[in-house]
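Colleague: Kindly generate the corresponding structure for this input.
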Amino acid sequence: MNGSHSLTGERSQGDARFKESFKLVSEKTTPHSPAHPEPILPSCSLSVSQVSYTVSERVGPWWDLPSYKKRWTRKILSDVSFHVDSGQILGILGNSGSGKTTLLDVISGRIGNTGTLLGEVYVNGRKLKQEQFQDCFSYVLQSDNLLSYLTVEETLTFIAQLALRRHSAEAIRKKVRMVMAELSLGHVAHSVIGGRVFPGISGGERRRVSIASQLLQDPKVILLDEPTTGLDSMTANQIVVLLANLAKRDRIVIVTIHQPRSELFRVFSRIAIMSQGELVFCGQPGEMVDFFSEQGYECPEYCNPFDIYVDLTSVDTRCSERESATYSRMQDITLAYHSSGIYRRMLDRIEETCQLTDKPCIPFKSKESPSGLSKLGVLLRRTVRNLSRDRMGVIMRLSQNLIYGLFVAFFVMKLDNDITKGAVQDRIGIIYQSMGASPYTGMLNAVALFPALRAISDQESKDGLYHKWQMFLAYILHILPFSIISVFIFSSFLYWTVGMYPEVNRFLCFSGVIMVPHITGELLTLVLMGVVQDPNMVNTGVALLNVAGIMVGSGFLRSNQQMPTVFKMLSYLTFQKYGSELLIVTEFHGLNFTCGDTPGNLPEPCIMGNGDDIIEQGYPGALSRYTLDFIMLYSFLPALVLLGVISYKIRDRFNRR
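Modeller: From the prediction side, this is the model:
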């Protein structure tokens, strides 16, 4: 390059100083240095040996059947091997799609069963079994899944209670304070996390909270997927320096990172560069400069070595000629690395660790998890505390049914007992609206509130803190008081305002019936969210199921006696059938109508003189089934809870990536 000075050839004094500036201070005291003929073994080591991962994908989209039926195999990782000791921080670099995140998923045992995985992962020379990965590694995801209305100290305390409940309350407080001090979070301990709606702590502080939540279980190996994403340059630099300090406290830290600053060259103990699923280089920063210089790719002065070497090893896919040339260059560099002494020394280190006769034990995280009931209690307290601080959310949950009741009451105004003035039609209309609209309000609650909790449960269940169905149960217990109060406010206003049957017992029955559709709508939404990721699809599915239930089960659109046998049988599977019968009986039983101005003996046009005639005509035998209908209606609630537990157990099994 014009105007640049290389690091090879006849190096000037300035060039020598430049190269020296990129050497790691720890190189002078490395255990493999000749000054240490008898190195002290690290307390923990991680070895990844010959890891390959392939997936089978369909060639074309689903609407192109010929190509959709064909499959092709894509190799995401290819024979990746490296070794890291405690006290070191490994930075994994590479362009998007190079396989960095997949490599972390393999190391942490979160790769799932969607592909073919080969190779081994060793900790202290001992091969890890599938069930041991979760208890050995802590994994900080790229996104921060935190509850917005909790403070930093509350967030960490609840996580500590889920992981370390056998500790005393004072021991947990000390542990949380110690972790906050280690990550410099003491000054924001009582600040809320915040979110999109309202401000809270900064992005860098949120990332440190995510890291702190993993440190509570004292892991020896911490994996972080692009922890600097979304942060400014200075904050990203501070996060990496913080991680390096964590590594110095006898831990192994492995981090994937995009475009690190050149100042971080001194921070990383080891640097790995990936491209097209292959490990192009892995070694100390100083070794990286020497290796690429020996291959004829000197780092120009005043340039960031990270940017230069990642660009050199990346494959340019903008055109076939560039792709072929850059892929060939990447392969040449990879072959040179596999032939280098750096690679051979790394393989010797892996073999040496695995062949030790007296291998140290695998350092698992703290495994003092509380009982399932205790975890459920912690999750319930955390959910209640977080959602109860959302003032507008609480107000809307309690008033949304009432707002809908205002529209109905304004439209109906006052019920009349005169058949010629719509006495029957108006009452059936109110019953129809009460049964049909209540599930929608429950559905809206779940779609608005639960996706954030589901994302957190997906992450924390992978960390082994609890099962996803426990979060599901905690949320259900949290919604019950809100649902009861909200429906009672709605029914109290609507029932007495429009002038339904003026009897307290019937009012209580009306409220009890309306409560089930409201809770059922929310439960059904939660169940579908266990197996369907997109809330919009869940929203549509619940709406269609509710419409189908009203059509088949309520008897408002078509009498049950007139329906085909198939639909008649299906109606018994809908809660609308039992709820509608109950509300019809509650309102019409014993109710006498007038016809025009003539009470008592009704003229010929007024065929039905009382409410019992309405019941027998539309719902024969409903009076005798009143208690049974109540039992059948409320049986939908435990049935949906059980179905939800199964749904989230399925999610636990299949949603591991």
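
Colleague: Report all helices and strands that the helix or strand residue 246 falls within contacts.
Modeller: In the assignment (DSSP states H and E), residue 246 maps to helix 233-248. When contacts are defined as 3 or more CB pairs under 8 Å, 6 or more residues apart in numbering; DSSP states H and E, helix 233-248 sits against strand 89-93, helix 203-215, strand 221-225, strand 252-256. Heads up, the C-betas are built off the backbone N, CA and C, glycines and all.

Colleague: Just tell me which of these ends up closest to residue 231.
Modeller: Among those, helix 203-215 comes nearest to residue 231, with 5.4 Å by CB to CB.

Colleague: Just the CA coordinates for that closest one, please, in PDB.
Modeller: What follows is helix 203-215, C-alpha atoms only, in PDB (Å, rounded to 0.1, in the frame of the first residue of the first chain):
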ATOM      1  CA  GLY A 203     -26.800  -0.400  27.200                       C
ATOM      2  CA  GLY A 204     -23.400  -1.200  28.700                       C
ATOM      3  CA  GLU A 205     -24.900  -1.500  32.200                       C
ATOM      4  CA  ARG A 206     -27.600  -3.900  30.800                       C
ATOM      5  CA  ARG A 207     -24.900  -6.000  29.300                       C
ATOM      6  CA  ARG A 208     -23.000  -6.100  32.600                       C
ATOM      7  CA  VAL A 209     -26.200  -7.200  34.400                       C
ATOM      8  CA  SER A 210     -26.600 -10.100  31.900                       C
ATOM      9  CA  ILE A 211     -23.000 -11.100  32.600                       C
ATOM     10  CA  ALA A 212     -23.600 -10.700  36.400                       C
ATOM     11  CA  SER A 213     -26.600 -13.000  36.300                       C
ATOM     12  CA  GLN A 214     -24.300 -15.800  34.900                       C
ATOM     13  CA  LEU A 215     -21.600 -15.200  37.500                       C
END
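
Colleague: Please, where are all the strands along the stretch 101-250 of the chain?
Modeller: Taking DSSP state E, counting those that start in this stretch as the test, the strands found in the stretch 101-250 of the chain are 115-123, 126-127, 137-140, 221-225.

Colleague: To residue 391, which of these lies closest?
Modeller: Of all the strands of the stretch 101-250 of the chain, strand 137-140 sits nearest to residue 391, with 31.4 Å by CB to CB.

Colleague: looking only at pLDDT, what's the mean for the closest one?
Modeller: For strand 137-140, mean pLDDT rounds to 89.

Colleague: so how far is whatever helix or strand residue 582 lives in from its chain's centroid?
Modeller: Counting by DSSP H and E, the element that carries residue 582 is helix 575-588. Put simply, helix 575-588 sits 40 Å off its chain's centre (CA atoms, centre = their mean, to the nearest Å).

Colleague: for stretch 385-393, same thing?
Modeller: 20 Å.

Colleague: okay, now the domains of the chain?
Modeller: The chain breaks down into these domains under automatic domain parsing: 4-355, 372-593+614-655.

Colleague: Looking at the ones you listed, spot the one closest to residue 361.
Modeller: domain 4-355 (7.0 Å).

Colleague: show me the contacts for the most centrally placed residue in the chain.
Modeller: Nearest residue to the geometric centre of the chain (CA atoms, centre = their mean): residue 455, 2.0 Å. Residues counted as contacts of residue 455 (CB atoms under 8 Å, 6 or more residues apart in numbering) are residue 145.

Colleague: ok, back up a step: right, so the helices and strands packed on helix 233-248: which one is the most enclosed?
Modeller: strand 252-256 (a mean of 27; mean count of other CB atoms under 10 Å).

Colleague: Quick one: distance of it to the chain centre.
Modeller: 22 Å.

Colleague: do the same with stretch 128-147
Modeller: 13 Å.

Colleague: The domains of the chain: which one's closest to residue 365?
Modeller: domain 4-355 (3.9 Å).

Colleague: Now do residue 467: how many residues are near it, please.
Modeller: The tally of other residues near residue 467 (other CB atoms under 10 Å) stands at 19.

Colleague: which ones are touching it?
Modeller: Here residue 467 is in contact with 461, 648-649, 652 (CB under 8 Å, 6+ apart).

Colleague: how does it look with 10 Å?
Modeller: With contact set as CB atoms under 10 Å, 6 or more residues apart in numbering, residue 467 has these partners: 372, 375, 457, 460-461, 473, 645, 648-649, 651-652.

Colleague: Now render the strands of the stretch 101-250 of the chain as JSON lines, adding distance to residue 423.
Modeller: Formatted as JSON lines, the strands of the stretch 101-250 of the chain follow (distance: least, CB to CB, whole Å):
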{"stretch": "strand 115-123", "distance to residue 423": "67"}
{"stretch": "strand 126-127", "distance to residue 423": "79"}
{"stretch": "strand 137-140", "distance to residue 423": "65"}
{"stretch": "strand 221-225", "distance to residue 423": "66"}
